[in-house]
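A.B. asks: requesting a structural model of the entry that follows:
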Amino acid sequence: MRAWAAPLLVVLLAAAGGFAFSQVNQRPAASSPQLVVEQRLLCPQCQEVRLDVCDRPDVARRLAAGESQDAIVAAYRQAYGPSILADNQPAGPLASLLPWLLVGIAFAVLVVLGWRFSAKPELPPAIAADRGLEAELAAWRSER
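C.D. replies: Reported below is the predicted structural model:
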């Protein structure tokens, strides 16, 4: 097995693991209007926890009263500010590409290090001079 194959295998396995992790942690498809609204909002009492994880009957009560999903989200935003929206959290297209960018950078670093350390080192001048001296000594011995 070549020296570069093991690090390459590690990078590929890490990339596959990152991809699998991102697929597992995607938001599930909402099955009810209540869940749709709760996934769009953060809990005003908990820190950075979506409302669908908390046990708050507000959304269910408002939906039963006939309020629209957008009206409920707008009311929460007006009461608590724009930071209450779960969509304002750092998770956009760039957040899903960031792990792949890091894997690409790690792979490029491995390639550069592989090229650097796989190049045959030049002999230092002292060793080259010693080899020349050995050749002269061999020629002198053969003349005797």
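
A.B. asks: and the contacts of stretch 65-81?
C.D. replies: With contact meaning C-beta atoms under 8 Å, 6 or more residues apart in numbering, stretch 65-81 is reached by 33, 36, 37, 40, 41, 44, 59, 62, 63, 84, 85. Any C-beta I mention is one placed from the backbone N, CA and C, and that applies to glycine too.

A.B. asks: mark which of the residues you listed are buried, thanks.
C.D. replies: Buried residues within those, counting neighbours by 16 or more other C-beta atoms under 10 Å: 36, 37, 40, 41, 59, 62, 63, 84.

A.B. asks: so the last one touches residue 38, yeah?
C.D. replies: Read it as residue 84. No: applying C-beta atoms under 8 Å as the test, residue 84 and residue 38 come out as separate, 12.0 Å apart.

A.B. asks: what helices or strands is the longest helix along the chain leaning on?
C.D. replies: The longest helix of the chain (DSSP state H) is helix 93-118. Here helix 93-118 touches helix 5-24, going by 3 or more C-beta pairs under 8 Å, 6 or more residues apart in numbering; DSSP states H and E.

A.B. asks: contacting residues around the helix it packs on?
C.D. replies: The list of residues contacting helix 5-24 from outside it, by C-beta under 8 Å, 6+ apart, reads 96, 99, 100, 103, 106, 107, 110, 114.

A.B. asks: can you name the next helix or strand after that helix?
C.D. replies: Scanning forward in sequence from helix 5-24 by DSSP states H and E, the next helix or strand is helix 33-40.

A.B. asks: and the next helix-or-strand element following that next one, what does it pack against?
C.D. replies: Per DSSP H and E, the first helix or strand lying C-terminal to helix 33-40 is helix 58-64. Under the contact definition 3+ C-beta pairs under 8 Å, 6+ apart, helix 58-64 sits against helix 33-40, helix 69-80.

A.B. asks: pipe these into JSON lines and attach distance to residue 132 per row.
C.D. replies: Formatted as JSON lines, those follow (distance: least, C-beta to C-beta, whole Å):
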{"stretch": "helix 33-40", "distance to residue 132": "77"}
{"stretch": "helix 69-80", "distance to residue 132": "82"}
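
A.B. asks: deepest-packed of these, please.
C.D. replies: Mean neighbours per residue, mean count of other C-beta atoms under 10 Å, is largest over the helices and strands packed on helix 58-64 for helix 33-40, with a mean of 19.
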